[in-house]
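Q: give the three-dimensional model of this entry:
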Amino acid sequence: MRIGFDAKRAFNNRTGLGNYSRFVLNALRNFAPKHEYYAYTPKVKNDLFDFPNPQTPPFTNGLLGAWWRSYGIAKDLKRDKIQLFHGLSNELPHSLAKTGIQSVVTIHDLIFLRYPELYPAIDRFFYQQKFKRACREADIVVAVSQQTKRDIIDFYDTDPSKIKVVYQDCHEVFSSPRGVPSLPLSMTERGEGTVRRAVRWDYILSVGTIEPRKNQLSLVRAFAQAALEEARLVLIGSKTQYQLEIEAFIAQNHLQDKVLILNHVPFADLPAWYRGARVFGYVSVFEGFGIPIVEALHSGVPVLAATGSCLEEAGGGGAVYCAPQDIDDMTKKLKQLWNSEALRQKLIREGQSHVAQFAAPKIATDLMDIYSRLLSR
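A: Next up, the predicted model:
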């Protein structure tokens, strides 16, 4: 088979959709190597992805690159004799339907429809145009969770038989201890430099953009209420205005020595932060899947997660769950996880078993089955 991919995110985004795109392409290269894979991208950032010979347009202008990705790419797909095209990040080229090439699109989430207040109106408009058209025109829609599948059916009235759920794994570094520092490093900015020190205290970890949907303030409130002995809470993620609310609560409750917020942790340091944690907390109000939970389970860390979306799919038996706004129950679960070694070990064992279903060989097999069935019609 000759399969083409919209690989813009793989070559240009360091997190989220970029991680997913790189994961899929690497999984197929490694575990279904007999097929030919073409990665199409309007531009390439150096040293982000080592996929050989990415297909790029003959110009570097950004606007022309965007046009090529949506329209001009059809000519290149025909030239390369592509049999099937997979849009890895929620959209398909406008020109694809006229080529006769079979199509698959991955939809990651429809959070912008569930929580429109969290997105600028212009972003919602373009997301809606792209996502809805992709779901309508694709021969097969891949959803990254059962929750996302339900949302595609509910919001776009898509035929359920057209939607296939295929999970994803996290970066392999979280399941391999090779090259991982033995201790996480905390960072304190001083002037223009950064002081890095090895962390030697017990802590609860939470990783994700510091934003309302991720609900870190509720986790901080529960942590304060739990009053855990010798415990700290570490929040790692990009900063938004929401962080100011969290910082105000920390100051009002004199938690400056107990809660640490880090906005610029290098990816290379993340595995050590996970492995050093006693508990991982991820109480997001809503997610499309929940890769940080998978990262924690691979790292051998028990998880506290939220109900209400898809986090039970990501965590399985490796986590305990609470409603995202139930501070009292969250507090109770934190205490149980922090104080019970037996519970933590049970969750670690069950978590390790649960994440086996997200492994690259299985995902490659699932995708190849979709591709093969589609091309055999």
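Q: so residue 17 sits right up against residue 88, yeah?
A: Yes - counting by Cβ atoms under 8 Å, residue 88 is a contact partner of residue 17 at 7.3 Å. Yep, even glycine has a C-beta here, placed from its N, CA and C like the rest.
Q: more neighbours: which of the two?
A: Each of residue 17 and residue 88 has its neighbours counted (other Cβ atoms under 10 Å); residue 88 has more, 25 against 17.
Q: mind checking pLDDT for the more buried one?
A: Looking at residue 88, its pLDDT reads 98.
Q: repeat for residue 191
A: pLDDT recorded at residue 191 is 36.
Q: can you map out the strands along the stretch 101-250 of the chain?
A: In the stretch 101-250 of the chain, the strands defined using DSSP state E, counting those that start in this stretch lie at 102-107, 140-143, 163-165, 185-190, 193-198, 203-207, 232-236.
Q: quick one: mean pLDDT for stretch 28-46?
A: 95.
Q: gap between the two ends of it?
A: 22 Å (Cα to Cα, to the nearest Å).
Q: show me the contacts for residue 296.
A: 205, 274, 277, 280, 282, 302-303, 318, 351 (Cβ atoms under 8 Å, 6 or more residues apart in numbering).
Q: any buried residues in stretch 118-138, and which?
A: 127-128, 130-135, 137-138 (16 or more other Cβ atoms under 10 Å).
Q: dump these to JSON lines, plus distance to residue 346 and pLDDT.
A: Below are the buried residues of stretch 118-138 laid out as JSON lines (distance: Cβ to Cβ, whole Å; pLDDT from 0 to 100):
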{"residue": "127", "distance to residue 346": "40", "pLDDT": "96"}
{"residue": "128", "distance to residue 346": "43", "pLDDT": "97"}
{"residue": "130", "distance to residue 346": "43", "pLDDT": "96"}
{"residue": "131", "distance to residue 346": "39", "pLDDT": "97"}
{"residue": "132", "distance to residue 346": "43", "pLDDT": "97"}
{"residue": "133", "distance to residue 346": "46", "pLDDT": "97"}
{"residue": "134", "distance to residue 346": "41", "pLDDT": "97"}
{"residue": "135", "distance to residue 346": "40", "pLDDT": "97"}
{"residue": "137", "distance to residue 346": "46", "pLDDT": "96"}
{"residue": "138", "distance to residue 346": "41", "pLDDT": "97"}
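Q: between the residues you listed, which is nearest residue 370?
A: residue 138 (11.2 Å; Cβ to Cβ).
Q: so who does the closest one touch?
A: Residue 138 touches 87, 92, 103-105, 162, counting by Cβ under 8 Å, 6+ apart.
Q: with residue 142 instead?
A: 104-107, 163-166, 367, 370.
Q: low-scoring stretches of the protein, by residue?
A: 177-183, 186-198 (pLDDT under 70).
Q: quick one, domains of it?
A: 2-169+359-375, 172-357 (automatic domain parsing).
Q: what lies in contact with stretch 87-101?
A: Contact with stretch 87-101 is made by 4-10, 17, 20-21, 24, 69-74, 77-78, 82-85, 103-108, 127, 130-131, 133-134, 137-138, as judged by Cβ under 8 Å, 6+ apart.
Q: try stretch 352-361
A: With Cβ under 8 Å, 6+ apart, stretch 352-361 has contacts from 23, 26-27, 30-31, 167-170, 172, 175, 294, 297-298, 300, 315-318, 362.
Q: buried only: go through those for me.
A: 23, 26-27, 31, 167-170, 175, 294, 297-298, 300, 315-316, 318, 362.
Q: so who does the nearest residue to residue 55 once chain neighbours are set aside touch?
A: Spatially, and ignoring its direct neighbours in sequence, residue 55 is nearest to residue 40 (4.6 Å; Cβ to Cβ, 6 or more residues apart in numbering). Taking Cβ under 8 Å, 6+ apart as the contact definition, residue 40 lies against 4-8, 54-56, 69, 73, 76-77.
Q: mind listing the residues bridging to residue 40?
A: residue 6, residue 55 (DSSP bridges).
Q: measure it to residue 248 for me?
A: 46 Å (Cβ to Cβ, to the nearest Å).
Q: the helices in the stretch 251-377 of the chain, which residues?
A: Remark: helices assigned in the stretch 251-377 of the chain by DSSP state H, counting those that start in this stretch are 270-276, 291-298, 311-315, 327-339, 341-354, 360-375.
Q: adding distance to residue 115, write the ones you listed out as CSV.
A: Shown next, in CSV, are those (distance: least, Cβ to Cβ, whole Å):
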stretch, distance to residue 115
helix 270-276, 26
helix 291-298, 19
helix 311-315, 16
helix 327-339, 20
helix 341-354, 27
helix 360-375, 28
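Q: who wins for proximity to residue 62 among those helices?
A: helix 291-298 (28.6 Å).
Q: does residue 72 touch residue 57 like I think?
A: Yes - applying Cβ under 8 Å as the test, residue 72 and residue 57 come out as touching, 6.5 Å apart.
Q: contacting residues for the closest residue to residue 323 other than its chain neighbours?
A: Spatially, and ignoring its direct neighbours in sequence, residue 323 is nearest to residue 307 (5.6 Å; Cβ to Cβ, 6+ apart). Counting by Cβ under 8 Å, 6+ apart, residue 307 makes contact with 321-324.
Q: swap in 10 Å and give it another go.
A: Applying Cβ atoms under 10 Å, 6 or more residues apart in numbering to residue 307 gives the contacts 283, 321-324, 326, 329.
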